[in-house]
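# sharing a sequence plus its predicted fold:
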Amino acid sequence: MTPAGSANGTVHPHGGGLTFRASLTEAMDDLLREDPRVLLLGEDVLDPYGGAFKVTRGLSGRYPGRVLATPVSEAAIVGAATGLAIGGLRPIAEVMFGDFILLATDELINHAAKFRAMYNDQVTVPLVVRAPAGGGRAYGPTHSQSLEKHFLGVPGLKVVAPTHLHDPGALLRAAVADPDPVLFIEHKLLYPLELRPAEVHGTPYPTAVVRAGRGEPAVMLFAYGGGVRWCLPAMGRLAEAGIASTLCLPSRIDRFAAWPWWDLAGRPPAAVLVEEGTAGAGWTAEVAAQLAEAGNPPVIRRVTGADDIIPAAGHLEDAMLPSTDAVVAAALALVR
Amino acid sequence: MTPAGSANGTVHPHGGGLTFRASLTEAMDDLLREDPRVLLLGEDVLDPYGGAFKVTRGLSGRYPGRVLATPVSEAAIVGAATGLAIGGLRPIAEVMFGDFILLATDELINHAAKFRAMYNDQVTVPLVVRAPAGGGRAYGPTHSQSLEKHFLGVPGLKVVAPTHLHDPGALLRAAVADPDPVLFIEHKLLYPLELRPAEVHGTPYPTAVVRAGRGEPAVMLFAYGGGVRWCLPAMGRLAEAGIASTLCLPSRIDRFAAWPWWDLAGRPPAAVLVEEGTAGAGWTAEVAAQLAEAGNPPVIRRVTGADDIIPAAGHLEDAMLPSTDAVVAAALALVR
Amino acid sequence: MAQADEALAVELYTQMALIRRVEETLQALFRQGRMRGTTHVSIGQEACAAGVVGAMDRQRDFVFSTHRCHGHFLAWGGEPRALFAELFGRQTGVCGGLGGSQHLCWNGFFSNGIQAGMAPVAVGLALSRKAAGEGIGVAFLGDGTFGEGALYESLNLAALWGAPLLFVVEDNGYAQSTPRRMQHAGRLAGRPPAFGVETVVHDAADPITIRRLAEALTLAVRADCRPRCLYLHTYRLAAHSLSEDYRDTEEIERWRRADPLAAMRRRLPDEQADTIDREIAARVADAVAAAEADPPARPRAVPLPEPVALPSLASAGGEPA
Amino acid sequence: MAQADEALAVELYTQMALIRRVEETLQALFRQGRMRGTTHVSIGQEACAAGVVGAMDRQRDFVFSTHRCHGHFLAWGGEPRALFAELFGRQTGVCGGLGGSQHLCWNGFFSNGIQAGMAPVAVGLALSRKAAGEGIGVAFLGDGTFGEGALYESLNLAALWGAPLLFVVEDNGYAQSTPRRMQHAGRLAGRPPAFGVETVVHDAADPITIRRLAEALTLAVRADCRPRCLYLHTYRLAAHSLSEDYRDTEEIERWRRADPLAAMRRRLPDEQADTIDREIAARVADAVAAAEADPPARPRAVPLPEPVALPSLASAGGEPA
Ligand SMILES: Cc1ncc(C[n+]2csc(CCOP(=O)(O)OP(=O)(O)O)c2C)c(N)n1
Ligand SMILES: Cc1ncc(C[n+]2csc(CCOP(=O)(O)OP(=O)(O)O)c2C)c(N)n1
Ligand SMILES: [Mg+2]
Ligand SMILES: [Mg+2]
């Protein structure tokens, strides 16, 4: 059991060996036990397989009839889950790889996200679509993408991307409790990581703030989801080089307001914006735009995936995704 | 017949009463006549109907067997056109309303756009997908959207959005000649407009530049596609108010490099970025990010569609889309 | 005619005549420029709406409709005034003027302007009703909509999971301007059975037969929670939307002579039919007048979703990482 | 056995044994950590690849495959070394190491890792060959892939427009971990016919029969440019990918005893089979050694698409608007 939300400034209580994956599984276990309206559906989610990334493992056995293995039909999975949500249930749909969410784009954007508003608030759509995303496992061009940027700025749709510095289970519970559809992005490489306590702010989708080095931060990092895996070591290296930094790591990445975090961190003179996906019109573009629009922005550099397909060859994938080195280099370039 | 490309600084030769729509139809007519590899496919594109927006009217009669009315199958339309392109043909697929491109997202992003790169340049995909987009006609939430921002930053995919200040037919010809897939966005409200001569730069997808008022521009506008309809009158009004402005109007909106245009326009101290779609991680976010990243940016304001569904009621739609007033107000707020 | 059949004939004729009158009025309102946008009328197909929807239970069932939804909406009991108001862009509209002609929602009635996109949603809602222990749904489809893959995913899922849902196909022979034979290979009515959905094919001339079929099928769906399909051959007498109609005029004429509404009218005593017509005319005229006079639609109060609230970082402590 | 059948038996056994050897080697390479990522082997299903692909003409035809593509690739004449190199991430790989296991392209052979997404692309390529006047295609599909709507759009379009394409279903009873009966309602083999695609159903034990069927069907496709479907019942003896296999061990054992490769081997004189096996073992070992020693994959030279070039605005005049 994990608390459902975190208040401002709370250091959330985890860290006792619970992994990112287990936090999610536990949250679904709790949800299924506590709320008869909750159900899970997705490809191969039943035991003993427990889903391609094993996040639903153990659940179908404990909650028979409420964990549903679907056909390979992403549009129908999201569409049917939308109907279940309209009908008063609390479906959590799993898309096996985030890359496949593209088959359900219409159901998500032209249906689930629109209903509440276009039907004049006569319905709500408490739908959660979980999507394991990102690269780093040499799965090649169609199984490694970070496509969540294409779902930003969709009226009616929230996009939430936990890290192990948040409480992923609590975020999932918040998403299930949300009256609006939530696309819930889980970076594959985070699954095995143990949760770490961190300073978090805001509810129900808290933003984590990490500070490293001594004194006023010279650089502010903005990242989400899998980006955390480069930012934390980069901050350590920067601290060693005598450069203090602050990382802002929101869990909800749609409609994220960047400027206030920069302001409240003391307006560091430089900002490095990190995103695993490609740069064009992505999350970091939105962050940079907000900083720029507010006037007197810091100097800014984006660190993103290269503008090409994600190659299968592991070493090429490593070379084209962001890295700790790239984050450090960007920070140094701005600070010096 | 129109020239296939425009050299830097050319004032393109149109304006003699040819409409945006006719320019496109004429280009397809020319292409079909000149190149046996060209073919059109889409829903209801045959005569006498000639497509929902009448852009293919007259063509099926003149080129029997090369203008194909499809089933209502957007994924198969784009997928089959991709196969035709791989097979050496030059398909132009029409999606009846741009809103329906969401049903073909997977075919476009995980197939057409990826093939060339992931197959190590063994194939090219000279595919054009035409999509009438945008609001202003009170067609309601699912027939009025500007969804092209969701297709920006896709490795392998180009997005081209002509205006009547470009030569839309020439752009379409360039897209057909392009070895890579092009999503070709046609704003519905531009169809009846007569082409206007303008200063254009670059090839094969030129950027139009419009200057208004006397002296150095105090504000620079960035817009594309349907955004032109507010920018031109806004510039007139600003000029009347004694404010000179320069409009940068690219036709290719993916991988658009904003800063050089601002630089070459003399770095006006203010920039208004205009986009009919919603703001979040859209085209204007990318433009703002680029200006910010380059350092010493102008003061920036985005003018975009409101963050909500597009209501059917005409007056509400008018109120939530950008407008000439909004562009003028943004410029005045920055300049004063 | 038996007593019951007589009553049913009156009900069905009234329903159909109301739909016809409302939609002819809509055509006129658009022609006169009193409405913006566009619309799709079901003139000629009213027997499907009246026949099928009347077999449903408004208390617990639901209806998914399409771009051509006015008839289904009215047959479900929707108010003409609310429909007119919706298309006028008025606060009192079915969806406060936000949805417009294609995007209606009211009391378990849903339509959307994306072909076949609602099919899986209907399956999901049906499953939720099954879980709740009562209620079934109907999902209307056109023949052209058989082009969309989402439909087949939905048929499969409905049959596989036992969704209490009646798919109703209104095959009017065309998708927009394109005839069925240029859209589909094989026999359309043979497709749902290939996905495990039993299908009854009928022509849609007689609303009484349609009602009986719909009653039988909904009974079966209620009994075993398995989906069924009612495949109706029909014809629209008007153009696809407000644009021109390029279909063969003789073909249209032939169908106009077999207009199910006219046939239904002939079953009633002239005087009774005249009375019904007069009442409907008055009701529709009143609805238009009231709707047009209603206040204009308001923007939604709450933007969706709201941005993340700004926390007060000022009070926050923090440890170095 | 007739002379011709004998030669065919040797060809098919050699083909199947090569596929088996290559894929068992891949399994070992992954187990040993010499390859990254994951892969899907077709062990047990080789008769489908060998039987069908050999009926195609490498000069003018094409093959669309799936995530489980190695067998199809090798049967099409793809080099084991190029395949190993691709999975090792080497320059000499089929796609220079960019595609990896699921994303192969070579000489009219295409695979992609998205279920059913290639079906419409195959239809389009088939239509382009029809326009060119020669060549047909084959598109492989799994039973699980019948869940995807794009498949039905493609079947319809292929039949409607007369695409010279043979759909080949390898129904191995599972999609990943989920058995067919939990995925599909009705009889899968009944679905293509509902979209106007004639379908022949067979079990996939004997590659010679498969070859004859494929020959007959490709002849028909070539003759009238209408699509056909060959629906094969088969079984994979290995796990879905590199993860654990949770299927019933007795079921697996039963199928292992009926392994088509072993059956095929028994048709050949022992000595001949031994020779073939030895040669294949050597060939595969050489291929692995060569591929592993090949230079690492390089990044693509040209990013796609290039950004818009910066014009020289300096020279530009310009009129006020
Ligand atoms: C996904 C999608 N594609 C295309 C359209 C445009 N469109 C609106 S109605 C229609 C024809 C539908 O035909 P059918 O299903 O037979 O219904 P009918 O109009 O005949 O009632 C089309 C193609 C749409 N609304 N949605
Ligand atoms: C669009 C999409 N959804 C899901 C997957 C994940 N996936 C890979 S293989 C597979 C099962 C496919 O089953 P089947 O078609 O029977 O082929 P088989 O694996 O049995 O050869 C699934 C679901 C995918 N690759 N693409
Ligand atoms: Mg129809
Ligand atoms: Mg299978």
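Received, thanks. Residues are numbered from 1 along each chain as shown, chains lettered A, B, ... in the order given. Ligands and ions are numbered 1, 2, ... in the order given.

# which one of the residues in chain A is closest to chain D?
Going by CB to the nearest CB, chain D is nearest to A:A312 of chain A, at 2.4 Å. In this view, the C-beta of every residue, glycine as well, is placed from N, C-alpha and C.

# hang on, C:F167 packs against C:V221?
No: under the criterion of CB atoms under 8 Å, C:F167 is not in contact with C:V221, lying 10.1 Å apart.

# which neighbours do these two share?
Common neighbours of C:F167 and C:V221, using CB atoms under 8 Å, 6 or more residues apart in numbering or on different chains, are C:P227, C:R228.

# so if I had to pick from the two, which one is more boxed in?
Comparing C:F167 with C:V221 by other CB atoms under 10 Å in any protein chain shown, the one with more neighbours is C:F167, at 26 against 23.

# where does pLDDT dip in the chain?
Using chain A here. A:1-16 (pLDDT under 70).

# was after chain C, sorry
C:1, C:302-321.

# can you show me the helices along it?
C:3-31, C:46-53, C:70-75, C:80-88, C:118-132, C:149-161, C:191-194, C:207-224, C:249-257, C:260-267, C:270-293 (DSSP state H).

# between the ones you listed, which gets nearest to chain A?
So among the helices of chain C, helix C:118-132 is nearest, using CB to the nearest CB, at 2.2 Å.

# so does that closest one get close to chain D?
No: using CB under 8 Å from any CB of the partner chain, we find that helix C:118-132 stays clear of chain D, coming within 9.5 Å at best.

# off-centre distance for that helix?
Here helix C:118-132 is found 17 Å from its chain centre; the criterion is CA atoms, centre = their mean, to the nearest Å.

# angle of that helix against helix C:149-161?
20 degrees (axes from the mean of the first three to the mean of the last three CA atoms, to 10 degrees).

# in helix C:118-132, what's buried?
C:118-131 (16 or more other CB atoms under 10 Å in any protein chain shown).

# rewinding a little: now the helices of chain C in TSV, with distance to ligand 3?
Shown next, in TSV, are those (distance: least, CB to the ion, whole Å):
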stretch	distance to ligand 3
helix C:3-31	16
helix C:46-53	11
helix C:70-75	14
helix C:80-88	22
helix C:118-132	15
helix C:149-161	13
helix C:191-194	15
helix C:207-224	17
helix C:249-257	13
helix C:260-267	16
helix C:270-293	26
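
# okay if I get those as CSV plus distance to D:R58?
As requested, the helices of chain C are arranged in CSV below (distance: least, CB to CB, whole Å):
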stretch, distance to D:R58
helix C:3-31, 59
helix C:46-53, 53
helix C:70-75, 54
helix C:80-88, 60
helix C:118-132, 41
helix C:149-161, 32
helix C:191-194, 34
helix C:207-224, 52
helix C:249-257, 50
helix C:260-267, 58
helix C:270-293, 68
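
# out of those helices, which gets nearest to A:G305?
helix C:149-161 (30.2 Å; CB to CB).

# OK, contacts around residue 234?
Went with chain A since none was named. By CB under 8 Å, 6+ apart, the neighbours of A:A234 are A:L221, A:T324, A:V327, A:V328, A:A331.

# that answer is for a different chain, and I need it for chain C
C:T234 sits in contact with C:G44, C:Q45, C:A47, C:C48, C:E170, C:D171, C:N172, C:D203, C:A204, where contact means CB under 8 Å, 6+ apart.

# pick the one among these closest to D:Q176.
C:D171 (36.8 Å).

# and the gap between that closest one and C:Q15?
C:D171 sits 21 Å away from C:Q15, going by CB to CB, to the nearest Å.

# kindly report the same for C:M118.
C:M118 is 23 Å from C:Q15, where distance means CB to CB.

# same question for A:A76.
For A:A76, the distance to C:Q15 - CB to CB - is 33 Å.

# those two: which has the busier surroundings?
Taking neighbours as other CB under 10 Å, A:A76 and C:Q15 compare with A:A76 leading, 34 against 23.

# quick one: the helix or strand hosting that one near chain C?
A:A76 is part of helix A:74-86 when elements are defined by DSSP states H and E. Yes: shown here: helix A:74-86 in contact with chain C (CB under 8 Å from any CB) through A:A75, A:A76, A:I77, A:V78, A:G79, A:A80, A:A81, A:T82, A:G83, A:L84, A:A85, A:I86.

# could you do stretch A:138-152 as well?
No: interface with chain C: stretch A:138-152 contributes nothing (CB under 8 Å from any CB), its closest point being 12.1 Å away.

# give me the buried positions along that stretch.
A:138-152.

# could you list which of those residues also contact chain B?
Answer for the buried residues of stretch A:138-152 near chain B (CB under 8 Å from any CB): A:G140, A:P141, A:T142, A:L147, A:K149, A:H150, A:F151, A:L152.

# export these to TSV and tack on secondary structure and distance to D:S241?
Compiled in TSV, these are given as follows (DSSP: H, G, I helix; E, B strand; the rest coil; distance: CB to CB, whole Å):
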residue	secondary structure	distance to D:S241
A:G140	coil	13
A:P141	coil	17
A:T142	coil	14
A:L147	coil	22
A:K149	helix	28
A:H150	helix	27
A:F151	helix	27
A:L152	coil	31
